[in-house]
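A.B. asks: Just a sequence and a predicted model for now, questions to come.
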Amino acid sequence: MTKEILAEKLDEKAFIDEKVAEIRQQVGDGIAINALSGGVDSSVVTMLGHLALGSRLRTVLIDNALMREGEPVRVAGLFKALGIDIEIVDAREEFLAALKGITDPEEKREAITQTFYKKVFGRLVKESGAKFLLQGTILTDIDETVAGIKRQHNVFEQLGIDPREAFGYGIIEPLIQLRKDGVRKVGRATGLPAELFDRIPFPGPALAARIIGEVTQERLDTVRKATAIVEELLKETGAFQYLAILHNDRVTGMRDGKRDFGQQIEVRCWDSHDARTAKPTQLPYSLLVELASRITSEVPGVVSVTYNIASKPSSTIEAI
Ligand code: XMP
């Protein structure tokens with residue numbers, strides 16, 4: 001069992017010193033590699049890794065076609081300002097090909113995992129000569145995977161899969177004792193800007209976790225546009241997480257006086273401390289109306305917008 005460190009008990013300075021020392025000890029005089037998604041966890045790991053190893057840590061940002069609008073360039077720019085070079089790797093075609101025709105949630109996660117570790121990242125690791133991979137797995141990821149609720153895409157050891165055997169390299173997970181609130185405290189103390197340590201959580205499978213049914217370029221564009229609107233309008237709420245989900249069912253709508261058998265977006269906005277349980281935020285009705293109006297007018301093909309009013313449990317935060 002991994003021993004939890006509660007955010008309120010966390011001495012972030014001591015934690016950073018300890019993790020920096022551990023990473024140095026594990027990697028020795030070798031090199032390590034990590035993949036940055038721009039989410040809170042991988043951003044904090046990138047900082048810890050660079051504090052420990054400097055240029056002996058190679059950080060890649062794999063554009064998997066599933067990211068939010070403008071992410072790769074924006075995130076790389078924020079790290080550049082801290083003196084950390086991020087390499088953007090365009091793997092969009094490979095991920096889209098792997099996801100083609102898949103509709104089952106777990107099969108989708110599996111396709112993303114395999115494409116990420118075995119193909120794209122595996123290739124980069126081999127080229128780099130790194131024997132260690134730094135990864136931002138947190139305690140919540142493990143809980144839910146072990147409980148069989150969802151297969152988070154980064155928890156091999158806990159599932160009894162040896163990453164060295166399965167993928168050919170060792171994994172270092174410095175955040176494994178923390179939950180999101182603890183990770184943010186560490187992020188702030190490493191000098192990350194609030195735009196990175198204080199952003200809402202975003203899942204590893206990215207926008208694919210928010211598409212019910214097949215993930216295609218067109219459907220990604222739809223959910224990406226809706227996500228940008230949801231994030232813009234709900235930023236000031238201070239909610240734990242907010243997102244847009246693209247449904248698979250179509251509904252009859254109307255546009256320009258004609259019938260339009262269109263798509264549906266579901267908006268979710270959560271109050272939560274650690275993602276283990278969550279309640280829908282009581283958003284003002286006017287804000288809900290504005291969300292619907294912006295999404296239906298700005299996202300092509302969307303005729304209907306709903307707001308999720310169920311808690312976690314029975315719901316989960318993401319849709320797949
Ligand atoms: P759920 O949907 O299980 O999400 O209630 C709990 C928290 O974890 C995030 N999440 C993921 N993070 N890989 C990740 O790294 C995943 O596969 C994944 N699925 C969900 C989710 O955004 C929420 O904050």
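C.D. replies: Good, I have the coordinates. Numbers count the residues shown, from 1 in each chain.

A.B. asks: what ranges do the strands span in the stretch 201-320 of the chain?
C.D. replies: 241-246, 251-255, 258-271, 279-280, 302-307 (DSSP state E, counting those that start in this stretch).

A.B. asks: TSV please, covering those strands and showing mean neighbour count.
C.D. replies: The way it works is simple: take the backbone N, C-alpha and C, and place the C-beta from them, glycine included. Listed next are those as TSV, based on neighbours: other C-beta atoms under 10 Å:
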stretch	mean neighbour count
strand 241-246	24
strand 251-255	12
strand 258-271	18
strand 279-280	16
strand 302-307	19
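
A.B. asks: In JSON lines, list those along with distance to the ligand and mean pLDDT.
C.D. replies: Formatted as JSON lines, the strands of the stretch 201-320 of the chain follow (distance: least, C-beta to the nearest ligand atom, whole Å; pLDDT from 0 to 100):
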{"stretch": "strand 241-246", "distance to the ligand": "5", "mean pLDDT": "98"}
{"stretch": "strand 251-255", "distance to the ligand": "24", "mean pLDDT": "95"}
{"stretch": "strand 258-271", "distance to the ligand": "8", "mean pLDDT": "97"}
{"stretch": "strand 279-280", "distance to the ligand": "12", "mean pLDDT": "98"}
{"stretch": "strand 302-307", "distance to the ligand": "17", "mean pLDDT": "98"}
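
A.B. asks: Grab the most central residue of the protein for me.
C.D. replies: Pro203 (2.8 Å; C-alpha atoms, centre = their mean).

A.B. asks: what sits against it?
C.D. replies: Gly39, Ala209, Glu318 (C-beta atoms under 8 Å, 6 or more residues apart in numbering).

A.B. asks: need the strands of the stretch 201-320 of the chain in CSV with distance to Val120, can you?
C.D. replies: Shown next, in CSV, are those (distance: least, C-beta to C-beta, whole Å):
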stretch, distance to Val120
strand 241-246, 24
strand 251-255, 37
strand 258-271, 29
strand 279-280, 36
strand 302-307, 31
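
A.B. asks: Out of these, flag the one nearest Val44.
C.D. replies: strand 241-246 (16.9 Å; C-beta to C-beta).

A.B. asks: for that closest one, packing partners?
C.D. replies: helix 217-234, strand 258-271 (3 or more C-beta pairs under 8 Å, 6 or more residues apart in numbering; DSSP states H and E).

A.B. asks: Quick check: mean pLDDT of the host helix or strand of Asn34?
C.D. replies: Assigned by DSSP states H and E, Asn34 belongs to strand 32-35. What strand 32-35 shows for mean pLDDT is 94.

A.B. asks: next one: stretch 163-176
C.D. replies: Mean predicted confidence for stretch 163-176 is 80.

A.B. asks: So which bits of that stretch are buried?
C.D. replies: Pro163, Phe167, Tyr169, Ile171, Ile172, Glu173, Pro174, Leu175, Ile176 (16 or more other C-beta atoms under 10 Å).

A.B. asks: Dump it to CSV, keeping only the CA atoms.
C.D. replies: As requested, the backbone C-alpha atoms of stretch 163-176 are provided in CSV (Å, rounded to 0.1, in the frame of the first residue of the first chain):
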residue,chain,number,x,y,z
PRO,A,163,7.2,-1.8,-16.9
ARG,A,164,10.8,-2.9,-17.5
GLU,A,165,9.5,-6.2,-18.9
ALA,A,166,6.4,-4.8,-20.7
PHE,A,167,7.9,-1.6,-22.0
GLY,A,168,11.7,-1.8,-21.4
TYR,A,169,12.3,0.9,-18.9
GLY,A,170,11.9,1.8,-15.2
ILE,A,171,9.3,4.2,-14.0
ILE,A,172,9.9,6.8,-11.3
GLU,A,173,6.7,8.2,-9.8
PRO,A,174,7.5,11.0,-7.3
LEU,A,175,3.9,12.2,-6.7
ILE,A,176,2.5,8.8,-5.9
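
A.B. asks: hmm, who's touching it?
C.D. replies: So stretch 163-176 is contacted by 2, 19, 22-23, 26-27, 32, 41, 44-45, 48, 117-118, 122, 125-126, 130-139, 142, 156-157, 182-183, 186 (C-beta under 8 Å, 6+ apart).

A.B. asks: So which of the residues you listed are in strands?
C.D. replies: Ala32, Phe132, Leu133, Leu134 (DSSP state E).

A.B. asks: which stretches of the stretch 51-200 of the chain have low pLDDT?
C.D. replies: 146, 148-161, 164, 166-168 (pLDDT under 70).

A.B. asks: So which residues of it form strands?
C.D. replies: 57-63, 87-90, 132-134, 170-172.

A.B. asks: care to break the chain down by domain?
C.D. replies: 7-197, 211-307 (automatic domain parsing).

A.B. asks: where exactly do the helices run in the chain?
C.D. replies: 12-27, 40-53, 71-80, 92-99, 105-113, 122-128, 139-146, 163-166, 180-190, 194-197, 217-234, 285-298 (DSSP state H).

A.B. asks: Report the backbone C-alpha coordinates of the first one in PDB.
C.D. replies: Pointing back at helix 12-27 there. Extracted in PDB, the C-alpha atoms of helix 12-27 (Å, rounded to 0.1, in the frame of the first residue of the first chain):
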ATOM      1  CA  GLU A  12       6.400  20.900   0.500                       C
ATOM      2  CA  LYS A  13      10.000  22.200   0.800                       C
ATOM      3  CA  ALA A  14      11.100  19.000   2.600                       C
ATOM      4  CA  PHE A  15       9.100  16.900   0.100                       C
ATOM      5  CA  ILE A  16      10.900  18.600  -2.900                       C
ATOM      6  CA  ASP A  17      14.300  18.000  -1.300                       C
ATOM      7  CA  GLU A  18      13.500  14.400  -0.600                       C
ATOM      8  CA  LYS A  19      12.200  13.700  -4.100                       C
ATOM      9  CA  VAL A  20      15.100  15.500  -5.800                       C
ATOM     10  CA  ALA A  21      17.500  13.400  -3.800                       C
ATOM     11  CA  GLU A  22      15.600  10.200  -4.600                       C
ATOM     12  CA  ILE A  23      15.500  10.900  -8.400                       C
ATOM     13  CA  ARG A  24      19.200  11.700  -8.400                       C
ATOM     14  CA  GLN A  25      20.000   8.500  -6.600                       C
ATOM     15  CA  GLN A  26      17.800   6.300  -8.900                       C
ATOM     16  CA  VAL A  27      19.000   7.800 -12.100                       C
END
